[in-house]
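> Sharing a model prediction with you, sequence too.
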Amino acid sequence: MHWKLRDIVVAAILAVVSGAVYLGWDILFKFVPSSVNPIVLALFNGLWWIAAGIVPYIVRRPGAALFAESVGGLVEFLLGSPYGIQAFTIGIAQGLGVELGFAFGGWRRYGWGSMLLATALGGIGNYVYSYFYYGVNDYSAALQVGYIVASMVSGAVLSGLLSKLVGDALRRTGVLRNFPIAQVSGHAS
């Protein structure tokens, strides 16, 4: 379970690329009218923590989700995110949520259920942060429940499902043969 240099390098590269994707997502989101229902908007939140899904799926180390999401958020901020430093700090909250999900499996379970659960929990990190910094506390109770459920579903699909599909595709090419993802047989990954 110890980190190797190659784990750190690949995690950092994937996190940096994710940070650039997050910035693109930030820019697209600025064009969404403020009249759109927050629950609908929350259905798109999960892409903002894809680094917290893909990096742990590949390197399979404790702390990978938090590391990847923190670096991704920092890069998003440094590239000029319209959300400022909050791009970095919400990344920490989302990364903690996903990390908790992988901790439930002892950082040893990366099948469909584990991936979807861990990345769904990024939605809880997003909700808690958004409650204090993005006005979610002003929503009605029903709207808050809808927001957290939509964020969790979004995390499972846009972070968990996509991370697993991309990771499995990369594994099949052989480029990940020196990483823990390649050490699993069959579909147990």
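Ah, there it is. Quick caveat: nothing in here was measured; it's all calculated off a predicted structure. Residues are numbered from 1 along each chain as shown.

> what residues does the longest helix anywhere in the chain touch?
Longest helix of the chain, by residue count under DSSP state H: helix 5-29. Helix 5-29 is contacted from outside by 41, 44, 47-48, 50-51, 54-55, 58-59, 61, 64, 67-76, 78-83, 87, 91, 178-179, using CB atoms under 8 Å, 6 or more residues apart in numbering. Using the backbone N, CA and C atoms, a C-beta is placed for each residue, glycine as well.

> Check stretch 146-161 too.
Residues contacting stretch 146-161 (CB under 8 Å, 6+ apart): 38-40, 42-47, 49-50, 52-53, 94, 97-98, 115-124, 126-127, 130, 136, 139.

> if we can go back for a sec, buried residues, the longest helix of the chain. List them.
Within helix 5-29, the residues that qualify as buried by neighbour count (16 or more other CB atoms under 10 Å) are 7, 10-12, 14-16, 18-19, 21-23, 25-26.

> pLDDT weak spots in this structure?
Low-confidence segments of the chain (pLDDT under 70): 184-189.

> So which residues of it form helices?
Going by DSSP H, the chain shows helices at 5-29, 38-42, 51-59, 64-78, 86-104, 112-133, 141-154, 162-173.

> how much does the first one deviate in direction from helix 162-173?
Comparing the axes of helix 5-29 and helix 162-173 via axes from the mean of the first three to the mean of the last three CA atoms, to 10 degrees yields an angle of 140 degrees.

> quick one: contacts for Thr89?
Gly73, Tyr129, Tyr133.

> Which one of those sits in the busiest neighbourhood?
Gly73 (31 neighbours; other CB atoms under 10 Å).

> What number of residues are in the vicinity of Tyr139?
Neighbour tally, Tyr139, other CB under 10 Å: 16.

> So what does it look like in phi/psi?
phi -70, psi 160 (degrees, to the nearest 10).

> What separation is there between it and Asn37?
11 Å (CB to CB, to the nearest Å).

> again with Ala68
For Ala68 relative to Asn37 (CB to CB), the value is 30 Å.

> ends of stretch 72-91, how far apart?
Start-to-end span of stretch 72-91 (CA to CA, to the nearest Å) is 7 Å.

> For that stretch, could you pull out the residues that count as buried?
Those would be 72-77, 81, 83, 86-91, for stretch 72-91 by 16+ other CB under 10 Å.

> residue nearest the centroid of this protein?
Trp49 (2.2 Å; CA atoms, centre = their mean).

> Spatially nearest residue to Phe44 (excluding sequence neighbours)?
Nearest in space to Phe44, with sequence neighbours left out and distances taken as CB to CB, 6 or more residues apart in numbering, is Ser154 at 6.2 Å.

> one step back: out of the helices of the chain, the one nearest Gln183 is which?
Among the helices of the chain, helix 162-173 comes nearest to Gln183, with 10.0 Å by CB to CB.
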